[in-house]
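Student: what follows is a predicted protein model with its sequence.
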Amino acid sequence: MALATGIAKQLRYKVEATYGVAPGVASAQLLRRTQSTVDLSKDTYQSNEIRTDYQIADFRHGVRKVGGNINGELSPGTYKDFIAAAMRKAFVAGAAATGLSITIAAGTAPFYTLTRAAGSWLTDGIKLGDVGRFTAGTFNVANTNTNVFIAAMTATVLTVQTLNGAALVAEGPIASATFTVTGKKTYAAPTGQLDQSFSIEHWYSDITQSELFTGCKINTVDINLPPSGMATVGFGVVGKDLTTGVAQYFTSPSPLTASGVVAAVNGVLQVAGGATGICTGLSLKIDGGYSGDPVVGANTIPAQFPGRIRVSGQLTAYFQDAAVRDLFVNEVEATLAVALTTNNTASADFIAFVLPRIKVGGATKSDSEKGLVITLPFTALIQTAGGTGTAWDNTTLSIQDSLA
């Protein structure tokens, strides 16, 4: 007799055209995971009848609900659909500036400046925290297709840092250059929000059982960036119903992605516009606030309604000076940006997160004979001054994925 094993279980998903209605069986996507606990639950009701036999007469099942978590290791391209659904905006190609005359110069380590002879980075749609590459122009090989993180900018000058810590070569002006924001970006947009749902299947191939969960929405996203080890991501799912079967529902799904997993040891972290090498951990949480209520005459919840997108997190760092602590003491707004790569090569795939405005809600410190660590919980706020022609997106959080 066969027994189900986790290693034989597959996780598949596909976007629904209509909430709660399973889409066509073709073109689903296999999804990498460390765990998926998505499952059906029901409300239950027990009789409160007072009886002379001192016993319970009835117990009933009520409204059906789907919920649980999908956890994985964060890798470029793998979770783009779930991340876009949580942000309620599809990933779109990054901006590109073409026909440039560029001069590269060394600044205060580890930064370099990229100066254009004419035109405007702002007008071209380049933003602070973007990761880009020179993709055209007769540059030194060290300057071509190298990931650079934009730490500061004016209309004509970008101040950048390479993601792998390698040096750029000072040169220029280089004519006919192209600078491209790599991959695609999504962000919590102020208008035109999407409201996507998915059908998610657990296929147990060793016992030929299918569980198809419909009406699934991404309610929360938890991202954890430890100082050592793999970066992880968890998606909180709320859904409508379950259909079971003895044959897989999604036929011939696309294979698992093959991108590497990002780790906090590879990349860049900046707080309040400055590079930092003292961070001991970072976590982010996106909460979509989805909710729905039962209705009379149906055993499923007819809709999950979106709430505000709340972004919060926690940063831990060695206590070095007053700068980070006083973000809390003096209620100073700051920016937070992090870009993590899959390896240490110049053009490694990456995922980047930019929070234009955060406010710190505490600054507690450890006490031991070793290095003291300060813990800074924070809440992210919308950058109301951002948008077209400015240095920021008009958002609380933007996410860039080189393989989206």
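Tutor: Done, it's in.
Student: which parts of the host helix or strand of residue 283 are buried?
Tutor: Per DSSP states H and E, residue 283 falls inside strand 279-287. Within strand 279-287, the residues that qualify as buried by neighbour count (16 or more other CB atoms under 10 Å) are 279-287. Glycine gets a C-beta too; all of them are placed from N, C-alpha and C.
Student: quick check, nearest of those residues to residue 223?
Tutor: Nearest to residue 223 among those, counting by CB to CB, is residue 284 at 4.4 Å.
Student: and residue 348, what is it in contact with?
Tutor: Taking CB atoms under 8 Å, 6 or more residues apart in numbering, we find residue 348 in contact with 147, 163-164, 260, 266, 341-342.
Student: show the pLDDT at it.
Tutor: Looking at residue 348, its pLDDT stands at 96.
Student: kindly report the same for residue 371.
Tutor: On the pLDDT scale, residue 371 gets 89.
Student: was I right to think it contacts residue 320?
Tutor: No - judged on CB atoms under 8 Å, residue 371 makes no contact with residue 320 at a distance of 9.5 Å.
Student: helix, strand or coil for residue 82?
Tutor: Secondary structure, DSSP: H, G, I helix; E, B strand; the rest coil: residue 82 is helix.
Student: is it in contact with residue 221, as I believe?
Tutor: Yes - in this structure, residue 82 is within contact of residue 221 by CB under 8 Å, at 7.5 Å.
Student: which residues are in contact with each of those two?
Tutor: Residues within reach of residue 82 and of residue 221 at once, by CB under 8 Å, 6+ apart, are residue 235.
Student: for this structure, what helix or strand is lowest in average pLDDT?
Tutor: Across the helices and strands of the chain, mean pLDDT, DSSP states H and E gives its lowest value to strand 274-275, namely a mean of 62.
Student: residue 303 falls within a strand, correct?
Tutor: No - read with three-state DSSP, residue 303 is coil and lies in no strand.
Student: burial count for it?
Tutor: If you count neighbours by other CB atoms under 10 Å, residue 303 ends up with 17.
Student: heads up, I number from 43, so please use that
Tutor: Right, with 43 as the first residue, what we last looked at is residue 345.
Student: identify the residues contacting it.
Tutor: 61, 334.
Student: residue 71 now?
Tutor: By CB under 8 Å, 6+ apart, the residues touching residue 71 are 54-56, 123, 295-296.
Student: report the buried members of these.
Tutor: Buried members of these, counted by 16+ other CB under 10 Å: 54-56, 123, 295.
Student: among these, which are in helices?
Tutor: Counting by DSSP state H, the part of those found in helices is residue 123.
Student: narrow the buried ones among the contacts of residue 71 to those in strands?
Tutor: If you go by DSSP state E, the buried ones among the contacts of residue 71 have 54-56 in strands.
Student: and of those residues, the nearest to residue 422?
Tutor: The shortest approach to residue 422 among those belongs to residue 55, at 27.2 Å (CB to CB).
Student: any idea how far the closest one is from residue 111?
Tutor: 14 Å (CB to CB, to the nearest Å).
Student: who does the longest strand along the chain pair up with?
Tutor: Longest strand in the chain, counting residues (DSSP E): strand 251-267. Paired with strand 251-267 in the same sheet, following DSSP bridges, are strand 240-246 (antiparallel), strand 274-281 (antiparallel), strand 283-287 (antiparallel), strand 321-329 (antiparallel).
Student: residue 56: what's it in contact with?
Tutor: By CB under 8 Å, 6+ apart, the residues touching residue 56 are 65-66, 69-71, 240-241, 292.
Student: out of those, which are inside helices?
Tutor: Counting by DSSP H, the contacts of residue 56 contribute nothing to helices.
Student: list buried residues within these.
Tutor: Applying 16+ other CB under 10 Å to the contacts of residue 56, the neighbour count classes 65, 70-71, 240-241, 292 as buried.
Student: which of the residues you listed sits closest to residue 131?
Tutor: Closest to residue 131, out of all of the buried ones among the contacts of residue 56 and judged by CB to CB, is residue 240, at 16.1 Å.
Student: thank you kindly, that will do.
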